[in-house]
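# heads up, no residue letters with this:
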């Protein structure tokens, strides 16, 4: 997908096309690049998601709202949205970063999407970027359920096993790959009874454990 298709996917047309071009430019490509726009977009995203959650869940307390926001604005969620938009094919990367697979790297894609949000804010204002973010996040928002879904996967798995007086799961590091600053972790979740072994991956060991626990829950329920 060419970059000119992105406004159609976003539902937003830029008045200043240079802002979008900068948002899609990684620092390895040259200047101007998207790091300042990423900083701005990160703040805008936090504010928009906070406002959306505040309106959507009027009975939730601050702590629950904060946990939901953290879940929605984390790298994994942004990476998922960036993949849906096919941002990797639009990135402007330096030759070395391109050869090393930078167009697929979760951190780069997540940062780029935040930069796009920052560019929309500068180009069209807060209300327009709010509309774009709310539309992109709608499928994720519709999956959120108060109560049980406030708990992370490891907590839910532990409570399920404890409630049936079964041994708690063990988490085993299977593999670590990638450069030191861009590592990917693979972790196994092992349950004795019933005998289940699931594997999760993530950009940190904690996220990989959560992914493995989520898969274990799917196998159990």
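Arrived safely. A quick note: this is a predicted structure, and the numbers were derived from the prediction, not measured.
# name the element the most centrally placed residue in the chain belongs to?
In the chain, the residue lying closest to the centroid (CA atoms, centre = their mean) is residue 77, at 1.9 Å. For residue 77, the host element (DSSP states H and E) is helix 75-85.
# now that helix: buried residues?
Applying a neighbour-count criterion of 16 or more other CB atoms under 10 Å, the buried positions in helix 75-85 are 75, 77, 78, 79, 80, 81, 82, 85. (Each C-beta comes from the backbone N, C-alpha and C, glycine too.)
# can you put those in TSV and add distance to residue 199 and pLDDT?
Converted to TSV, the buried residues of helix 75-85 look like this (distance: CB to CB, whole Å; pLDDT from 0 to 100):
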residue	distance to residue 199	pLDDT
75	20	84
77	21	87
78	23	93
79	19	90
80	19	90
81	24	94
82	24	94
85	27	92
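# how is the protein partitioned into domains?
Per the record, the chain has its domains at 3-148, 153-220, by automatic domain parsing.
# might you calculate how far the helix ranked longest in the chain sits from the centre of the chain?
Longest helix in the chain by number of residues (criterion: DSSP state H): helix 35-56. Averaging C-alpha positions (CA atoms, centre = their mean, to the nearest Å) puts helix 35-56 13 Å from its chain's average.
# which parts of this structure are strands?
Under the criterion DSSP state E, the chain carries strands at the ranges 170-177, 184-191, 196-202.
# looking at these, which is nearest to residue 131?
Nearest to residue 131, of all the strands of the chain, is strand 196-202, at 30.6 Å by CB to CB.
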